[in-house]
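K.L.:
What follows is a predicted protein model with its sequence.
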Amino acid sequence: MLAKTRFYFFDGIKKVMDYKTTSSRSCYWYFMLGAALLISCLLILNGIVSNAYMAFYADTIFDDSASYSPVLLILNSLAFITSLCLFVANLIIKLCSISLSNRRLRDLKINTWMTLLFAVPILDLMLSLILFTKKGFYSQGS
């Protein structure tokens with residue numbers, strides 16, 4: 001299952017500018033699974049680094065000699081880098097999921113302008129669960 005998730009995840013990233021073809025139900029959900037795993041791992045890493053920074057900072061806040069410790073600067077830099085990686089990953093996944101949603105709607109023979117409705121928070125969840133669990137018309141193996 002992990003191999004399928006990896007294949008469909010990278011397939012979704014490679015086809016980020018493809019708005020003309022269709023996408024199967026399994027391709028959509030495996031991409032979402034891979035995206036959720038990636039974001040979860042980055043969030044956990046960011047939390048660990050940020051908590052280590054805050055713990056070290058709380059220990060050295062009252063000690064004037066240790067306020068510019070190299071460990072504090074390294075942890076601060078790592079917290080910034082992990083936050084930046086999380087932002088970039090979210091941006092890439094959002095662009096890929098818009099393209100993938102568009103291809104999935106095309107497979108369901110639904111107007112692709114429905115993609116704009118995914119900007120509404122509650123409607124996004126309802127549309128994902130209703131529309132993307134239906135069997136497609138064009139794609140094979142869905």
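P.N.:
Yep, that arrived.
K.L.:
Now the helix ranked longest in the chain: average pLDDT?
P.N.:
Looking across the chain with DSSP state H, the single longest helix is helix 70-107. The average of the pLDDT scores along helix 70-107 is 88.
K.L.:
going on from it, what's the next piece of helix or strand?
P.N.:
Downstream of helix 70-107, the next assigned helix or strand under DSSP states H and E is helix 121-131.
K.L.:
in that next one, what counts as buried?
P.N.:
By neighbour count on 16 or more other C-beta atoms under 10 Å, the buried set for helix 121-131 is Leu127, Ser128, Leu131. C-betas here are computed from N, CA, C, even on glycine.
K.L.:
so who does the first one touch?
P.N.:
So the one you mean is Leu127. By C-beta atoms under 8 Å, 6 or more residues apart in numbering, the contact list for Leu127 reads Met114, Leu117, Phe118.
K.L.:
How about Asn76?
P.N.:
Counting by C-beta under 8 Å, 6+ apart, Asn76 makes contact with Tyr53.
K.L.:
Over to the one 3 residues further on?
P.N.:
Applying C-beta under 8 Å, 6+ apart to Ala79 gives the contacts Asn46, Val49, Ser50, Tyr53.
K.L.:
and the second one, what element?
P.N.:
Counting by DSSP H and E, the secondary-structure element that holds Val49 is helix 25-60.
K.L.:
can you give me the angle that helix makes with helix 121-131?
P.N.:
Relative orientation of helix 25-60 versus helix 121-131 (axes from the mean of the first three to the mean of the last three C-alpha atoms, to 10 degrees): 140 degrees.
K.L.:
mean confidence for helix 25-60?
P.N.:
Model confidence over helix 25-60 averages 86 on the pLDDT scale.
K.L.:
How about it, which residues are buried there?
P.N.:
With burial defined by 16+ other C-beta under 10 Å, the residues of helix 25-60 counted as buried are 25, 27-35, 38, 42, 46, 49-50, 53, 56, 60.
K.L.:
re earlier: ok, of the contacts of Leu127, which one's closest to Gly136?
P.N.:
Nearest to Gly136 among the contacts of Leu127: Met114, at 14.7 Å, using C-beta to C-beta.
K.L.:
Before we move on, what's the pLDDT of the nearest residue to Cys27 once chain neighbours are set aside?
P.N.:
The shortest distance from Cys27 to any non-neighbouring residue, by C-beta to C-beta, 6 or more residues apart in numbering, is to Tyr8 (5.0 Å). Turning to Tyr8, the model gives it a pLDDT of 76.
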